[in-house]
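J.: 3D model of this:
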Amino acid sequence: MDDIPGTEPQPRLVSRKAVLHAALAAGVAVPVALVGVPALARTAAATGTAPELTPMCDDGDDPTPPQTEGPYFKPNSPQRTSIIPAGATGIRLTVTGYVFGLSCLPLSNVLMDFWQADANGAYDNTTYRFRGHQFTNAQGAFTLTTIFPGLYPGRTRHIHVKVQASGRPVLTTQLYFPNEPRNNTDPIFDSRLLMTVRDVSGAKQASFDFVLNVPQVPPTSTTKPTSTTPTTTTTTPPGSGTWAAGTTYAAGARVTYGGRGYVCLQGHTAQPGWEPPNTPALWRAE
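T.: Predicted coordinates:
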């Protein structure tokens, strides 16, 4: 819920993905274990205020909004993560991100089909220049290597994409660039589909996370009994150990959980659902 003007700001729960986002924004080297719970891409509008975002990916949020396919889609694109053809000119652009279901869990093996205009704003409808499909990896991540797309009459700068989890409907949408003048005049533009973009050594890096309409069961820490009747049988729950929800852990702290040791990667206050096996962004197994 948004804060109400004139009132004290309400505390916000930290997204599981926001932990990695903070590390990336700070320029901290991210251990391999962190990629299991990635961050949601966020973007600031030209005014410096935050636009409406693709959902925070908490339970019950809406999926990434769809958009028109447009007239230039071509099926049967080649499988590849780089869609730059040989000899092409333009500013190199790398787009990275993750694909999640409705409970913030990453989705692997999701089909992603990208297509866009070249640096001059032209689409190739004869061959497959600046077209290609790929699949998300085991952590739900994708990487697209392309160029900064050109402009053509009537539209702002954008990249087309189709995203489909196994056995689910196709999401067709478009990704946009912040601070583009034509964002204000393009009738198709949607600020929820803005990527985070930065300049790096003459190239551009962008990020965006998709949320698909895929129901998921989020991980739980314990199963509460449905009866208060005392029992004489005592069992050790699978998650027993020194880890405890509500405890504030510093980076480097060590705990046990489910018979295994873990080391804390980033300081945080533990919450139910953030058990070490479920949050590789916070804990690395020893």
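
J.: can we go C-alpha only for contacts and neighbour counts from here?
T.: Noted.

J.: host element of the residue lying closest to Tyr152 once chain neighbours are set aside?
T.: Of all residues not flanking Tyr152 in the chain, Gly121 sits nearest, at 4.9 Å (C-alpha to C-alpha, 6 or more residues apart in numbering). In the assignment (DSSP states H and E), Gly121 maps to no helix and no strand.

J.: mind listing what Gly121 touches?
T.: Gly121 sits next to Pro149, Gly150, Leu151, Tyr152 when contact means C-alpha atoms under 8 Å, 6 or more residues apart in numbering.

J.: low-scoring stretches of the stretch 1-150 of the chain, by residue?
T.: 1-61 (pLDDT under 70).

J.: picking up where we left off before, please indicate which of the contacts of Gly121 are buried?
T.: Buried positions within the contacts of Gly121, assessed by neighbour count (16 or more other C-alpha atoms under 10 Å), are Pro149, Gly150, Leu151.

J.: possible to save those residues as CSV with distance to Leu193 and secondary structure?
T.: Formatted as CSV, these follow (distance: C-alpha to C-alpha, whole Å; DSSP: H, G, I helix; E, B strand; the rest coil):
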residue, distance to Leu193, secondary structure
Pro149, 16, coil
Gly150, 18, coil
Leu151, 18, coil
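
J.: quick one: the nearest residue to Leu282 once chain neighbours are set aside from Cys104, how far?
T.: Residue nearest to Leu282 in three dimensions, not counting chain neighbours: Leu265, with 5.1 Å by C-alpha to C-alpha, 6+ apart. Going from Leu265 to Cys104 by C-alpha to C-alpha, to the nearest Å gives 20 Å.

J.: okay, those two: which has more neighbours?
T.: The neighbour comparison of Leu265 against Cys104 (other C-alpha atoms under 10 Å) goes to Cys104, with 27 against 21.

J.: For that one, give its distance to Leu194.
T.: 20 Å.

J.: With Gly241 instead?
T.: Where Leu194 is concerned, Gly241 sits at a distance of 43 Å (C-alpha to C-alpha).

J.: With Ala250 instead?
T.: 34 Å.

J.: With neighbour numbers in mind, choose between those two.
T.: The residue with more neighbours, out of Ala250 and Leu194, is Leu194; 28 against 14, by other C-alpha under 10 Å.

J.: Quickly list what the nearest residue to the more buried one once chain neighbours are set aside is bridged to.
T.: Spatial nearest neighbour of Leu194, excluding adjacent residues (C-alpha to C-alpha, 6+ apart): Tyr176 at 4.6 Å. Taking DSSP bridges, one obtains His158, Leu194 as the residues bridged to Tyr176.
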